[in-house]
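**Student:** here you go, sequence then predicted model.
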Amino acid sequence: MKRLLQFALLLLASGAFAQTVIIKTVELAGDKIIVHYELDDSNPNHEYQLNLYSSKDNFAAPLKKVTGDVGNEIKPGINKKIEWNIREEMGGYKGRISLEVRGKIYSPFVKLQNFDVTKKYKKGKSFNLTWKPGNTNPINIELYKGTDRVIGEVNHPNNGAYTMFVPAHAKPGKDYRLKISDAKNNSDVIYTEYFKVTPKIPLVVKLLPIVVVGGVVAALAGGGSPGGGNDPVDDIKIELPDVPK
């Protein structure tokens, strides 16, 4: 399938700083189109919101099947690239298509602070979220497992603090993440990276009842002996010190 591709660039700049995007090369790699570019800014602390658009819908909405240096919080630099899977996005599309890279300086409506996705969060428990507000619009804070919404709150004040409760009925898993969106602007959405939700009480603790005999603690797991054999518990000998008369 041969495609005729045309490329354009639109960078929406603000302030007195100089920003330029240079598209270095564009390549076809199987079902993917890869756009290589450089983002130059005289202020290296700026962050950008960059999206890729196509003429298929008259550049109405950002393309979704994209990875790489695209989306929010893109920093200036060289060797940037956007990979677009055209087959996943458009199926067996044939014909001409034009692409645009559009961008603007990114001012997040919320910026999470100290949220640790490597930490394990227990179901039936709560944890605190803090962030730096970027505007005064109310926000929606939602907990997702995969693509399923678990719990959340809409129109929460953008005040920088929220207590998220992980319900007791939530299934343990490593595919949980938070979705935070501007309640007045559907295009402003951020997702955290995936994190893990675990049972409230570790499974091993539930399976090992504890017996205390004369100050000696023995863990009984299926009636086995401390040495791991198959002898019944009745055969375990525990010697206690003599009690003075």
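**Tutor:** That came through fine. Numbers count the residues shown, from 1 in each chain.
**Student:** distance of the spatially most central residue of the chain from residue 19?
**Tutor:** Centroid-nearest residue in the chain: residue 193, 1.8 Å away (criterion: Cα atoms, centre = their mean). Relative to residue 19, residue 193 is positioned 28 Å away (Cβ to Cβ, to the nearest Å). (Each C-beta comes from the backbone N, C-alpha and C, glycine too.)
**Student:** quick one: the residue nearest to the centre of the chain is in a strand?
**Tutor:** No. Counting by DSSP: H, G, I helix; E, B strand; the rest coil, one finds residue 193 to be coil, located in no strand.
**Student:** helix/strand/coil for the residue nearest to it when sequence neighbours are not counted?
**Tutor:** Spatial nearest neighbour of residue 193, chain neighbours left out: residue 117 (4.5 Å); criterion: Cβ to Cβ, 6 or more residues apart in numbering. When classified by three-state DSSP, residue 117 comes out as coil.
**Student:** I'd say residue 117 and residue 178 touch.
**Tutor:** No. The pair residue 117 / residue 178 is not scored as a contact, 9.3 Å apart, by Cβ atoms under 8 Å.
**Student:** neighbour count for these two, which is higher?
**Tutor:** Taking other Cβ atoms under 10 Å, residue 117 and residue 178 do not tie; residue 178 has more neighbours (21 against 13).
**Student:** which of the three states applies to that one?
**Tutor:** Residue 178 - assigned by three-state DSSP - is strand.
**Student:** just the C-alphas of stretch 166-177, formatted as PDB.
**Tutor:** Output in PDB follows, covering the C-alpha atoms of stretch 166-177 (Å, rounded to 0.1, in the frame of the first residue of the first chain):
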ATOM      1  CA  VAL A 166      -9.100   2.200  47.500                       C
ATOM      2  CA  PRO A 167     -12.300   0.300  48.000                       C
ATOM      3  CA  ALA A 168     -12.200  -3.100  49.800                       C
ATOM      4  CA  HIS A 169     -13.900  -4.800  46.800                       C
ATOM      5  CA  ALA A 170     -11.000  -3.700  44.400                       C
ATOM      6  CA  LYS A 171      -9.200  -6.600  42.900                       C
ATOM      7  CA  PRO A 172      -5.500  -6.800  43.500                       C
ATOM      8  CA  GLY A 173      -3.400  -6.000  40.400                       C
ATOM      9  CA  LYS A 174      -0.600  -4.100  38.800                       C
ATOM     10  CA  ASP A 175      -2.700  -2.200  36.300                       C
ATOM     11  CA  TYR A 176      -4.100   0.700  38.400                       C
ATOM     12  CA  ARG A 177      -3.600   4.300  37.600                       C
END
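**Student:** mean confidence score for that stretch?
**Tutor:** Averaged across stretch 166-177, pLDDT comes to 95.
**Student:** quick one: buried residues of stretch 102-115?
**Tutor:** For stretch 102-115, burial by neighbour count (16 or more other Cβ atoms under 10 Å) applies to 102, 103, 105, 106, 108, 109, 110, 115.
**Student:** helices of this structure, start to end?
**Tutor:** Under the criterion DSSP state H, the chain contains helices at 86-90, 203-207.
**Student:** where among those is average confidence lowest?
**Tutor:** For the helices of the chain, where the average pLDDT is lowest is helix 203-207, sitting at a mean of 54.
**Student:** give me the pLDDT for residue 219.
**Tutor:** The model's pLDDT for residue 219 equals 42.
**Student:** ok, what's across the strand from the nearest residue to residue 55 once chain neighbours are set aside?
**Tutor:** In this structure, residue 55 finds its nearest non-sequential neighbour in residue 98, 4.0 Å apart by Cβ to Cβ, 6+ apart. Taking DSSP bridges as the rule, residue 98 bridges to residue 6.
**Student:** kindly provide the distance from residue 98 to residue 65.
**Tutor:** 17 Å.
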